[in-house]
Structures are given as structure tokens and as C-alpha cells.
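*Asks:* coordinates for the following, if possible.
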Amino acid sequence: MGSVVHLKKQINNSYSNLLTSVEDKLVLVEEKISSKLTSKVELIDKMADYHLRTGGKRLRALLTLESAKLCGYRKGGRDINLATCVELIHSATLMHDDVIDNAEIRRGKKTLNTIWGNQSSILVGDYLLSRCFEMMVEDGNLEVLKLLSSTSSEIAQGEILQLQHKGEIDMLEETYLKIISSKTASLFAAATKVGAILADRNLKYKEALEFYGKNLGLTFQIADDTLDYNSELISFGKKIGNDFFEGKITLPIILLYQKISNLDKVKLKSFFDKKERGNDELDYVLDLIKKNNIIDDCYKKADHFINLAFNSLSVFEESKEKEILKNLTSFSIERNF
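*Replies:* This is a model prediction of the structure:
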């Protein structure tokens, strides 16, 4: 995929083009999110306000807005409401994720559970989901309701599957893909498919955008997991190794375990058997990853899903919106933030 250095400008451009395309509507999504996070309960207001100030790329909302635009949806505000729903689901899963992972930092700031505790974080995440379901009912489209409710269920199943296999150093690649397909790719798929539903396009276009979103999401998560072991990024001031410290088994570790000697396998397993891991152990793993070209191997795996996402858009006529979504596949794999 090339060095990290030359990629940043290209990748930022693909995301910026997406943002520019629907920027006016994203402003309305932000306003809608803010209004839906308000509550008569003071603690919810405090936590919601803090969560909003931590920011985020709003990539899933952008995908809903751009997919709707690609499919010809122009009038009305349903795209804004459903893009908000998608973001509320994502925010709720992040809150739950941080509790499960005992995470202390997200987007450079303390997590909600670190400040207010696990119980409050879980309940506020549940509150966000309930607000999302209120909006889906207000939208009144049963296909949308079925899609987003089943997606929420699939995300939860992915979380449980990941817990079930936590610390499993010899995890199958197939199991890893099942986990990220449920946890991450399912919401990407729903975000893009909603666009076709809004525009009342036929099944061919709905399935194409769903397939695009799923494979974009798989690529995005593989890239995210790979970035966490990419020692090149240290020179950019990016902290790496979070997954390692949390004991998560992701693709770089799975591929590494397949390549190394039995002696190194025993040592690697001993790291993940521990309750906590340190910087010396991370350095040892990073050295193995570099020697065995694991970063390149991960990107080669992701290339397969990039191509699937890219090709799925062939059913659409050429347009600015189609080009933006095609170019976004490079953002998902080659970003460094």
C-alpha cells in the first residue's frame, strides 16, 4: 500500500470531498443529534454534552447522506433524521464498548466510564438507542425500522462473540471476520442501504449499496486494527498498541501467530494470558510484526474487500456522488487517523 508518509494528503482529500458534498446537511444532523441527546435528567445532559465535544468523523452519517444523494433523494429531511439514527446507534455502541474494554481514552479524551462510571455509561448508551428507536418509529417506514433494529441486534451479537473469543491467540481468521462483520460492517451496510430505501430505489440498488457498505466497513476495521500495530505511525505522534494492552485479538496478531516459530508462539500466548501487558512486550510484538511483514499482509487481506466495495457501485450511472464513494475506499484502508 506504500509508505504512510505519502498517503495522508490523498486520504484526507477523499474524506474532505465526501464532507463537502453533504456539508449543509451534516450541520443539520449535528443539530438533530444535539437535540436528541437533551434530557430532563441532569446527568444525561452532562454526559451527552461531553460526548458531543469529543467529536468524531461522522462517517456513518455522511455515508447515509451521500448514498441518499447518489440515489436521487433530494426533497425532505428524512435523510437527516436517519443519518442521526445511524450516528446514535454508533455512539451507543462506543459507550458500551468502552465499558466492556475498560477503556480509559477515546479520541484523546477520558471516556465516559472513566469519569462517571460503568453503570451510568451503559444507561446513557441505552438512552441513545431508545432515542434512535423513537426517530425510526416517527419515520414510519417499516423497512427502515426492520433494517436498523436488526443491525442493532447484530452489533450486540458481534460484541458477545468477541467476548467469547477474548484472549484466544489461535483464533481463526474466519472468526475474526465474523466479529468485525457484525460489530462494524453491519452498521456501515445499514447506513448506505438506508440511502437507497429513502429514494425508493429497487432491490438491485439497495443490495449494491448494502454490499458496498459492508465491504467498506470490513476494510475500515481491518485498517483500524492494523494501524494499532503500525510502528511507522509513531513518527506522526500517534499512540499505538491500544488493542494489545486491552488484550484484543485482531488480524495482525492472528496472521503473526500463523507465521512465527513455536517458541515465539509460546511467548506471544504468554503475553495475552496475562491480565496486563507492558511496553517491553509491545516492542517485542512490534519487532515480530515488522520482521514478518504482517502490516503488508493485513493490507493485502483488506484489498479484497476494497475491490468488492469498489465494484459494487458499477450498477450506478457515473456521477459525482458515485466517484466520491468509490474514492472513499482508499480512505478506509490508507488513513492514518
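*Asks:* from here on, contacts and neighbour counts on C-alpha atoms
*Replies:* Will do.
*Asks:* wait, doesn't residue 29 sit right on residue 80?
*Replies:* Yes. In this structure, residue 29 is within contact of residue 80 by CA atoms under 8 Å, at 5.5 Å.
*Asks:* so which of the two has more stuff around it?
*Replies:* Each of residue 29 and residue 80 has its neighbours counted (other CA atoms under 10 Å); residue 29 has more, 25 against 22.
*Asks:* just to be sure, that one is in a helix?
*Replies:* Yes. Secondary structure assignment places residue 29 in a helix (DSSP: H, G, I helix; E, B strand; the rest coil).
*Asks:* how close does it sit to residue 209?
*Replies:* 21 Å (CA to CA, to the nearest Å).
*Asks:* now residue 67
*Replies:* Counting by CA to CA - residue 67 and residue 209 are separated by 8 Å.
*Asks:* what do you get for residue 100?
*Replies:* Taking CA to CA, one finds residue 100 at 31 Å from residue 209.
*Asks:* neighbour-wise, which of the two wins?
*Replies:* Each of residue 100 and residue 209 has its neighbours counted (other CA under 10 Å); residue 209 has more, 28 against 14.
*Asks:* what residues sit buried inside the helix or strand hosting that one?
*Replies:* Secondary-structure assignment from DSSP states H and E places residue 209 in helix 203-227. For helix 203-227, burial by neighbour count (16 or more other CA atoms under 10 Å) applies to 205-227.
*Asks:* check contacts around residue 226.
*Replies:* 251, 252, 295, 298, 299 (CA atoms under 8 Å, 6 or more residues apart in numbering).
*Asks:* from those, which is closest to residue 174?
*Replies:* For those, the closest approach to residue 174 (CA to CA) belongs to residue 251, at 10.3 Å.
*Asks:* contact partners for that closest one?
*Replies:* 173, 176, 222, 225, 226, 298.
*Asks:* same thing but 10 Å
*Replies:* 171-173, 176-177, 221-223, 225-226, 257, 294-295, 297-298, 301 (CA atoms under 10 Å, 6 or more residues apart in numbering).
*Asks:* out of the residues you listed, flag the one nearest to residue 245.
*Replies:* Of these, the one sitting nearest to residue 245 (CA to CA) turns out to be residue 225, at 13.0 Å.
*Asks:* spatially nearest residue to that closest one (excluding sequence neighbours)?
*Replies:* residue 250 (6.3 Å; CA to CA, 6 or more residues apart in numbering).
*Asks:* still on that earlier bit, what about the helix holding residue 209, distance to the chain center?
*Replies:* Offset of helix 203-227 from its chain centre (CA atoms, centre = their mean, to the nearest Å): 10 Å.
*Asks:* got it, and stretch 78-93?
*Replies:* 13 Å.
*Asks:* doesn't residue 188 make contact with residue 63?
*Replies:* Yes. With contact defined as CA atoms under 10 Å, residue 63 counts as touching residue 188 (7.8 Å).
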